[in-house]
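Student: curious how this folds, go ahead:
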Amino acid sequence: MRRIAAGLLALVAGGAGAQALAPPVQRVFVVGDSTACDYEPARAPRTGWGQVFGEWFDRGVDVRNRAQNGRSARSFIEQGWLYGVAREIGPGDLLLIQFGHNDEKIDDPARYNDPVAAFPLWLMQYVEMARAVGATPVLITPVARRRFAGDRAVDAHGPYAEAVRALARREGVASIDLARLSLDWLAALGPDASKRYYLHVPEQNLADNTHFHRRGALAIACLVAGELRREGLIAPARYVRDADCAVGAAPAVDTGSAIVREADVGRTQPGPHGGAGPTTAYPFFADAQDLKFVLRKRVLHRDAGIGLHRHDKDEIYYVVSGRGAYVLDGVEREVGPGDAMLTRPGSVHALSQLGDDDLVVLIGYTRP
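Tutor: I've put the predicted structure just below:
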């Protein structure tokens, strides 16, 4: 192992990567296994998180995914893949390092690493290589497998994830606890919904709890991108997508979140504010008095309306379907599907249904 490490350090010390000037963009190299690697279109929807990771950044970030299917921290080096990275990487680059899935395979001596001794020693070679050229290594705990005991998400990587955490603490290496982040994400999805994010594809006879559907790869890439932003390793200005994906552990108490069916809350009413009727009102979550906003749906049937009234709050109407005549501060306009109307305090407005079809509007305002 030390002979390999010495060879890597010699390569980077004398290679182009160590001598070149820092590139005009920040380069991010990803090394890892099948959960991160690229897949050809013929294997869709199977997708590695490193394959879609570049979607989070503008052209100021150059993502180079070098993850390889089936590799462990050991076999990635012994088969020469890290040498290729060492020839490219240079000052200012990031090296994202995620292994563990294949290091656990005790029946395969070409890949297996015990978590206490061998696994961190192999990982340390990636760290030393990056540091030797002025790059920043980032250790990443292995992404969660989809495993549940009843409704509880179960950690499948225990000692391997802990080995990465311990190495990062001991050596002062930047790290992302993707094992924890993705386990929280799995727990929030639950055993049934989570199948859609892993490679459960009945038409392809697939029920794979390790690899990702494209939607799952995007979710994991977002977790990694969010942590890099939080740690200041990639500047916020470089992001073109939000990276607000981490869900954290499930709350210990009932939050009051809920689903309602409009059929259960609908009631017939005359047109409000002296308007013509009949209308059907849907007062969603009317019993949640601590909400800071109100959302209502109202259906104005033939010749129905909302009468003219003055506003003491901001209110938005959104037309879902049908046509209407909307009066705002003495000016009438015809409105239809996709139109949104904002009324500010002090204005007056009214709305009347037009034509043969019901006028359906969503109404939102701050609670008085």
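
Student: secondary structure class for Val320?
Tutor: strand (DSSP: H, G, I helix; E, B strand; the rest coil).

Student: so who does the nearest residue to it once chain neighbours are set aside touch?
Tutor: Leaving out its chain neighbours, the residue that sits closest to Val320 by CB to CB, 6 or more residues apart in numbering is Val360, at 4.2 Å. To be clear about C-beta, it is placed using only N, CA and C from the backbone, and glycine gets the same treatment. Counting by CB atoms under 8 Å, 6 or more residues apart in numbering, Val360 touches Lys297, Arg298, Val299, Leu300, Val319, Val320, Ser321, Gly322.

Student: try it again with 10 Å
Tutor: By CB atoms under 10 Å, 6 or more residues apart in numbering, the contact list for Val360 reads 280, 282, 297-300, 318-322, 324, 337, 353.

Student: which one of those residues is nearest to Val201?
Tutor: Val320 (34.0 Å; CB to CB).

Student: strands of the stretch 251-368 of the chain, start to end?
Tutor: 267-269, 279-283, 293-300, 305-310, 315-321, 323-328, 331-335, 340-343, 348-354, 359-366 (DSSP state E, counting those that start in this stretch).

Student: buried ones in stretch 85-98?
Tutor: Counting neighbours by 16 or more other CB atoms under 10 Å, one finds that the buried residues in stretch 85-98 are Val85, Ala86, Glu88, Ile89, Gly90, Asp93, Leu94, Leu95, Leu96, Ile97, Gln98.

Student: what kind of secondary structure is the fifth one in?
Tutor: Remark: Gly90 carries the secondary structure label coil [criterion: three-state DSSP].

Student: which pLDDT value goes with it?
Tutor: Looking at Gly90, its pLDDT reads 97.

Student: and the gap between it and Ala130?
Tutor: Distance of Gly90 to Ala130, computed by CB to CB, to the nearest Å: 10 Å.

Student: again, but for the last one
Tutor: Counting by CB to CB, the gap between Gln98 and Ala130 amounts to 14 Å.

Student: give me the pLDDT value at Gly277.
Tutor: 89.

Student: hmm, it is touching Arg298, no?
Tutor: No: if you go by CB atoms under 10 Å, Gly277 and Arg298 don't touch, sitting 11.1 Å apart.

Student: give me the more crowded residue out of those two.
Tutor: For Gly277 versus Arg298, the count of surrounding residues by other CB atoms under 10 Å is larger for Arg298: 21 against 15.

Student: in the stretch 101-250 of the chain, which spans are strands?
Tutor: Residue ranges of the strands in the stretch 101-250 of the chain, as given by DSSP E, counting those that start in this stretch, are 136-140, 148-149, 152-153, 174-176, 198-201, 206-213.

Student: dump these to TSV, plus distance to Pro109.
Tutor: Shown next, in TSV, are the strands of the stretch 101-250 of the chain (distance: least, CB to CB, whole Å):
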stretch	distance to Pro109
strand 136-140	24
strand 148-149	31
strand 152-153	31
strand 174-176	28
strand 198-201	27
strand 206-213	21
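
Student: could you single out the most deeply buried of these?
Tutor: strand 136-140 (a mean of 24; mean count of other CB atoms under 10 Å).

Student: tell me the mean pLDDT over that strand?
Tutor: On average, strand 136-140 scores 98.

Student: so what strands line up beside it?
Tutor: With DSSP bridges as the test, strand 136-140 is paired with strand 94-98 (parallel), strand 174-176 (parallel).

Student: so where's this protein uncertain?
Tutor: 1-7, 9-24 (pLDDT under 70).

Student: break down it into its helices, ranges please.
Tutor: For the chain, the helices defined by DSSP state H cover 2-14, 16-19, 49-52, 73-78, 81-88, 118-132, 158-171, 178-193, 214-230, 262-265.

Student: deepest of those helices, which one?
Tutor: Sort the helices of the chain by mean neighbour count, taking mean count of other CB under 10 Å, and helix 49-52 sits at the top with a mean of 25.

Student: any idea how far Trp56 is from Ala132?
Tutor: In terms of CB to CB, Ala132 sits 28 Å off from Trp56.

Student: revised request: answer the last question for Glu88.
Tutor: In this view, Glu88 and Trp56 are 21 Å apart by CB to CB.

Student: rewinding a little: indicate which one of the strands of the stretch 251-368 of the chain is closest to Gly248.
Tutor: In terms of CB to CB, the element of the strands of the stretch 251-368 of the chain nearest to Gly248 is strand 293-300, at 23.7 Å.
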